[in-house]
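Undergrad: Provided below for reference: sequence and predicted model.
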Amino acid sequence: VACAKANGDISGGFIAFITVCAVAAGILPSVAVAIKTVNNQKSINKAINDIYSGNYAVDIPAVGAEYAGVKEATERLAAVFAAAEKAQTDFITDFSHEIKTPVTSIRGFARLLQGEDISDEKRKEYADIIVSQSARLLDLTANTLMLDRLDNKNFKVEKTEFDASEVLRQVAVDLQESWGEKDIDLCVDADECEIFSNKELVYQMLANVFENAVKYTPEGKKITLSARKEGKSAVICIADEGIGMDEETKARMFDRYFRGDKSRSTAGNGLGLATVKKIAEVLGAKITVDSCPSLGTRFTIVF
């Protein structure tokens, strides 16, 4: 009897042990999944907190398939913020560098004007330099604000129908003083080209390209302005017989603050063609550039 009782107790304990193991076997996978889920959430929460704190170099460990989309979106968001921060830093650095020259020049010549023992000739020379550098500063500011406005994703472009060839002719008339001073031979061959776009921005784009052509075209050389219809497109060309561009300049000509004239002997702030490219993007126009050193440059804009 005692033996049977003992055997019964052992059997009951064994059954209880097996029962506990079975229950544990069923629970453990769920516990493992729960722990993994918590770890996934912790990794993503840490990455989000890092982004919020300004640390965009996030490195999220491998996560479960159900969190893969969240991981990818978080990393993509960090990359966007990192790019925006770099762009802002580069902008401040470049703008500070560009603005330093005219401000320093204005201050320096203004101090010279305060002197008592300077001739009327020198006084006029210094005043002319101050006026010139002030204009350069205003131009730099205006172009920077223009680019900032175009970069704004909420910027709305109002479009109307107008003749692009008339805008091209107006640009030539408005800038007559600049190309006339260099005795440039200007040829205008423009047919009627009705387009649906923003007249102000088209004018700004064409004026910037034309100013660039005048700037880098030697005295007595030729600039040709043309406009023609090709099917449903309007094609505007501004071609010059200027100094042209090498491969490095062509690769960087649309970069902000980049100037092909490394000596900076010509006026400008390196924002003209950057503005042209941005306007083209906003208006949906296509720009192609053909250029060769000493043979000139041809800008073709297709609406």
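TA: Done, it's in.

Undergrad: Let me see the mean pLDDT of stretch 246-263.
TA: Taken as a whole, stretch 246-263 carries a mean pLDDT of 72.

Undergrad: swap in stretch 108-121?
TA: For stretch 108-121, mean pLDDT is 88.

Undergrad: What of stretch 145-165?
TA: Here the average pLDDT along stretch 145-165 is 82.

Undergrad: how far does that stretch stretch from start to finish?
TA: 27 Å (CA to CA, to the nearest Å).

Undergrad: residues in contact with it?
TA: For stretch 145-165, contacts defined as CB atoms under 8 Å, 6 or more residues apart in numbering pick out 190-199, 201-202, 204, 227, 234, 236, 256, 271, 274-275, 278-279, 282-283, 303. From N, CA and C alone the C-beta is placed, and that goes for glycine too.

Undergrad: right, and the helix or strand after the lowest-mean-pLDDT helix or strand in the chain?
TA: Lowest on mean pLDDT, DSSP states H and E among the helices and strands of the chain sits helix 2-52, with a mean of 58. Per DSSP states H and E, the first helix or strand lying C-terminal to helix 2-52 is helix 68-113.

Undergrad: how close does the closest residue to Val289 other than its chain neighbours sit to Ala251?
TA: Excluding the flanking residues, the one nearest Val289 by CB to CB, 6 or more residues apart in numbering is Phe299, at 5.7 Å. Counting by CB to CB, to the nearest Å, the gap from Phe299 to Ala251 is 16 Å.

Undergrad: With neighbour numbers in mind, choose between those two.
TA: Using other CB atoms under 10 Å as the criterion, Phe299 and Ala251 rank with Phe299 on top: 23 against 11.

Undergrad: Got phi/psi on the more buried one?
TA: Phe299 has phi and psi values of phi -100, psi 130 when expressed as degrees, to the nearest 10.

Undergrad: Then Val157?
TA: Here is the backbone geometry of Val157 (degrees, to the nearest 10): phi -100, psi 120.

Undergrad: Please apply the same query to the one 5 residues further on.
TA: Dihedral angles of Phe162 (phi, psi; degrees, to the nearest 10) stand at phi -160, psi 170.

Undergrad: is it true that the residue nearest to Val289 touches Met245?
TA: No. Between Phe299 and Met245 there is no contact under CB atoms under 8 Å: 11.2 Å.

Undergrad: Any buried residues in whichever strand or helix holds Thr144, and which?
TA: Assigned by DSSP H and E, Thr144 falls within helix 120-151. Within helix 120-151, the residues that qualify as buried by neighbour count (16 or more other CB atoms under 10 Å) are 126, 129-130, 133, 136-137, 139-140, 143-144, 146-147, 150.

Undergrad: and Gln170, what is it in contact with?
TA: Taking CB under 8 Å, 6+ apart, one finds Tyr203 in contact with Gln170.

Undergrad: pLDDT score for it?
TA: pLDDT at Gln170 comes out at 92.

Undergrad: and it, how far is that from Asp163?
TA: Distance, Gln170 to Asp163, by CB to CB: 10 Å.
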